[in-house]
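Visitor: What follows is a protein structure lacking sequence information:
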């Protein structure tokens, strides 16, 4: 069986594919790595998670019923009492409600935090480098699930506070927490916090920042600034125009075009930054923001290049 490439090996190939074979600056290297992570990083994160699993845990994830998932997760936990993934699955199977699930998540997080402190990992010099330290990854994955659950129950201020703590632990933000946080800030109309986050990541011009910023300033009735971010959005993601061009088309054709894009997404297993698929995935993942802002879409359609 052919051994899977390491992330380092795949990144070297990525540099060659993109013509970056000679000496490059530190900034070029960092920008290329960010693009690589946006396009292919999640595949490697999943690969790493799978490699860390024992056989019972893999069976738990592959199980077709809650009872089977619970059986294998408990067996995995018995063999390794410090198995955050197994505990997470057990919590998901046994939780009576989303609020109950959050309590179970917190209990596991608190226990693992103590373990990391006992291991000498949770130290001042490590804060900011979580995830880069492999032993912290199960904790960070669970923390991410906890914040997702807070969003499900519409506890947005709590979700924002916990996301901010995650970014303190992992300044490099390998899990993409900053993008979700920007959407929460837009929903809460937190302009100062949104701009601080935007500056923290060097005014990263990508769909996952520019679209929620446009919504934020529309909600604040600063239409000039909203239009500015919308203009930047169309520059970094020209395929957005396809979505806005569809708005004058019959609903059946809109649905057909969107389904075609989602089918493409399913086939490739991911999307490229600056694509229509990226745009559609973001609007689906952060529905709480976009579905509540019908008036924004009407305004945006009138101000999009597709309508000029």
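Guide: Thanks, I have the structure now. Quick caveat, the model's predicted, so the values are computed rather than measured. Numbers count the residues shown, from 1 in each chain.

Visitor: buried sites along whichever strand or helix holds residue 117?
Guide: Under the criterion DSSP states H and E, the helix or strand holding residue 117 is helix 98-118. By neighbour count with 16 or more other CB atoms under 10 Å, helix 98-118 contains the buried residues 101, 102, 104, 105, 108, 109, 112, 116. C-beta: built from backbone N, CA, C; applies to glycine.

Visitor: Could you list every helix and strand in contact with it?
Guide: With contacts defined as 3 or more CB pairs under 8 Å, 6 or more residues apart in numbering; DSSP states H and E, the packing partners of helix 98-118 are helix 84-94, helix 137-152.

Visitor: is it possible to export those to TSV including distance to residue 284, mean neighbour count and mean pLDDT?
Guide: Below are those laid out as TSV (distance: least, CB to CB, whole Å; neighbours: other CB atoms under 10 Å; pLDDT from 0 to 100):
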stretch	distance to residue 284	mean neighbour count	mean pLDDT
helix 84-94	22	20	95
helix 137-152	14	20	96
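
Visitor: possible to save the ones you listed as a markdown table with distance to residue 223?
Guide: Converted to a markdown table, these look like this (distance: least, CB to CB, whole Å):
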| stretch | distance to residue 223 |
| --- | --- |
| helix 84-94 | 43 |
| helix 137-152 | 28 |
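
Visitor: Just tell me which of those ends up closest to residue 220.
Guide: helix 137-152 (21.8 Å; CB to CB).

Visitor: Report the angle between the closest one and helix 84-94.
Guide: Taking axes from the mean of the first three to the mean of the last three CA atoms, to 10 degrees, one finds that helix 137-152 is oriented at 30 degrees with respect to helix 84-94.

Visitor: what does helix 137-152 contact?
Guide: Outside helix 137-152, the residues that touch it by CB atoms under 8 Å, 6 or more residues apart in numbering are 48-49, 52, 84-85, 88, 98, 101-102, 105-106, 108-109, 112-113, 116, 130-131, 156, 158-159, 162-163, 166, 169-170, 175, 177, 180, 184, 288.

Visitor: Where does the prediction get shaky in this protein?
Guide: Within the chain, the ranges that satisfy pLDDT under 70 run 1-11, 13-53, 246-259, 261-262, 264-270, 305-308.

Visitor: again, only using 80
Guide: Applying pLDDT under 80 to the chain picks out residues 1-53, 242-273, 303-308.

Visitor: Which segments of it make up each domain?
Guide: As assigned by automatic domain parsing, the chain contains the domains 27-94, 97-175, 204-308.

Visitor: Please produce a markdown table containing these, extended by distance to residue 196.
Guide: Output for the domains of the chain, formatted as a markdown table (distance: least, CB to CB, whole Å):
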| stretch | distance to residue 196 |
| --- | --- |
| domain 27-94 | 20 |
| domain 97-175 | 10 |
| domain 204-308 | 12 |
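
Visitor: which one of those lies closest to residue 12?
Guide: If we rank those by CB to CB, the stretch that ends up nearest is domain 27-94, at 10.2 Å.
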